[in-house]
Structure formats: C-alpha cells, structure tokens
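Trainee: Make a model of this:
(one chain, ligands or ions: 1)
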Amino acid sequence: MYKIIDGKKISQEIKDELREKAAQLKAAGESRCLAVIQVGADPASSVYVNNKKKACEYVGIESLSYSLPEETREEELLKLIGELNAKKSVSGILVQLPLPEHINEEKILLAISPDKDVDGFHPVSVGNLSIGRPGFVSCTPAGVIQLLKRSGIEIQGKECVVLGRSNIVGKPMAMLLLRENGTVTVCHSKTVNLREVTRRADILVVAIGKPKFIDESYVKEGTVVIDVGIHRDENNKLCGDVDFERVAPHCSAITPVPGGVGPMTIAMLMSNCVG
Ligand code: GUN
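Mentor: Predicted coordinates:
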C-alpha cells in the first residue's frame, strides 16, 4: 500500500510554525514586509498573487501590492524595484512571472537586491545554492525537500532522479538533493532511454511540464514519486506530470495533484520571507 504525501497538511504545519516565528520577530521590533509586483492581469497570475497576499496575512507578515498595467515600460518597473531595494521597511521583493513580452525578465530579476530575493531567482542566490552557502532558495524545490523530510523519507545515499531542468525547479532541485547527500541524476526531454534512467530512482521528482507523462513503465517498485506538474486534463480536472492512478500502486509514497507540491511553494515563500 502506498502513502499519499499530504502537501496541504505539511504546508499548514509550516505556516503555523512561521506564524509563531513572525510574532516573535514582531515583538522584537523586526517586522517583515513582502512587496509583490504584478504586471498585467493574467488570471492565473492574479490567483497566485492573491494567494501570496493571503498567506502573508495568515503568517503575520505585512504585504505591499503593486498591480501595474500591461503596458508598463521596463524602465518604470526597474525604477520601482530600485525604490523597493532602497526601502528599509521592505524585506522581500517578488515580481510575479511571466512578465509581458516587451519586458526583459532576466534584467528584472537581476535588478532585485539579492538580500530581498525571496523567490531565489537572482544569480547570486543560485550561485550560493550551488556552492553550499546560505541564501534564498527557489520555493518549489525547497518545498519538495520539506515534503520528503517531514514524511520521514531519507534522501542521504538514495538514487534521486530529477526529470526536468528548468532554472526554477529542475536545476535547484538537483542542487538541494545533492546538499542532502543524495546521488543525483538530472534527465530531460532529450534524454536517450529515459525509462532506464527514471527506473533507477529511489526518489523521482517529475517537473517535465507534460500532463500524465509518467506512467508505470517509468518507475521501479517501491519508489517515491514527487509530481511538480499542474495541468488540466481533457475533462478539465487538475492533474500532474504523473498519471497518478497508474503509478501510485507501484510506489511507497507519492504526491497527489492537487494537494501535493502546489501548497508547499507558498509555504516556502513565507519561510523565505520570515527568514
Ligand atoms: N510564476 C509562477 N510561479 C512563480 C514563482 O514561484 N514566483 C514568481 N515570481 N512567479 C511565478
């Protein structure tokens, strides 16, 4: 019988711990404040931004919200980031992605002060992670580590396979598993004999961005599967990169979609904000 890793429950535990820590910081006169910037009105982004603001409220962090029109110029956005960088009362800055096409995303992420980079996307944060120095870590992969640890799943010495190599999930995921002393392999859409690689995994993290891509032929018996994907299937039902019904019976533990990795991202954002 497989265990379902409950991301909703674990993310709630984390937010409750952070709520206590934030209260202590506040009592010591060290309040936290997250500035959230959204450019344009992409409906999915609006939902994410709203959830981030709600989480701040729950944990007891102040939040500032900047909702800028779609046609905002790059220089205007850079100017706002510069002002927020300089503002002592602001401890974290988050620019919701994706940005409109006329804005250079890399330039924007570089402009955020690494001290306030709660998304962990700045090259300084990425570099710190890769050489084992403390710093902000990208929220989704940090959430995956918490899911594993808080479910009592040991990483040390295990064959960990990461499917996907994005800057936000795949690459930092590999670094974090390595930091936990896992034996890490990164594979992707161009990998030859992909099944041979994924079937080696004791822990398989899937972030390939293709609905129900992983079926039972990709996993070995008794593996742990973490599904980072989120999509709508042909019946408009939420699903992940993993075909849960087919894969779960072969696992020792697996995350569902929804209610697995998803809720962890915001919990880890709050963790980055509280510090
Ligand atoms: N868009 C989708 N996910 C994220 C995220 O984690 N951070 C930001 N800034 N934008 C996103």
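Trainee: is Leu64 in a bridge, and if so with what?
Mentor: Ala35 (DSSP bridges).
Trainee: what's the burial count for it?
Mentor: Look at Leu64: counted by other Cβ atoms under 10 Å, it has 17 neighbours. C-beta coordinates here come from the backbone N, C-alpha and C atoms, glycine included.
Trainee: is it true that it touches Ile37?
Mentor: No: counting by Cβ atoms under 8 Å, Ile37 is not a contact partner of Leu64; they are 9.1 Å apart.
Trainee: If we ignore the residues flanking it in sequence, what's nearest the residue in the chain that the ligand sits nearest to?
Mentor: Using Cβ to the nearest ligand atom, the closest approach of the chain to the ligand is made by Leu97 at 3.7 Å. Closest residue to Leu97 apart from its sequence neighbours, by Cβ to Cβ, 6 or more residues apart in numbering: Glu105 at 6.6 Å.
Trainee: And Gly132, by the same measure?
Mentor: Using Cβ to Cβ, 6+ apart and skipping residues adjacent in sequence, the residue nearest Gly132 is Arg179, 6.4 Å away.
Trainee: in the helix or strand where Lys149 lies, what counts as buried?
Mentor: Secondary structure from DSSP states H and E places Lys149 in helix 139-150. Buried residues in helix 139-150, counted by 16 or more other Cβ atoms under 10 Å: 139-148, 150.
Trainee: ok, back up a step: for Pro141, see how far away the residue of the chain closest to the ligand is.
Mentor: Using Cβ to Cβ, to the nearest Å, we find Leu97 at a distance of 16 Å from Pro141.
Trainee: ok, back up a step: so the residue nearest to Gly132 touches Ile131, yeah?
Mentor: No: using Cβ under 8 Å, Arg179 makes no contact with Ile131, being 10.5 Å away.
Trainee: the more surrounded of the two?
Mentor: It is Arg179, of Arg179 and Ile131, that has more neighbours when counted by other Cβ under 10 Å, with 15 against 8.
Trainee: need the strands for the stretch 1-150 of the chain, in chain order.
Mentor: Under the criterion DSSP state E, counting those that start in this stretch, the stretch 1-150 of the chain contains strands at 3-4, 33-39, 62-68, 92-95.
Trainee: In a markdown table: the ones you listed, plus distance to the ligand.
Mentor: Listed next are those as a markdown table, based on distance: least, Cβ to the nearest ligand atom, whole Å:
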| stretch | distance to the ligand |
| --- | --- |
| strand 3-4 | 24 |
| strand 33-39 | 9 |
| strand 62-68 | 13 |
| strand 92-95 | 5 |
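Trainee: low-scoring stretches of the stretch 151-275 of the chain, by residue?
Mentor: When residues are selected by pLDDT under 70, none of them lie in the stretch 151-275 of the chain.
Trainee: Figure out the length between the terminal residues of stretch 30-41.
Mentor: 33 Å (Cα to Cα, to the nearest Å).
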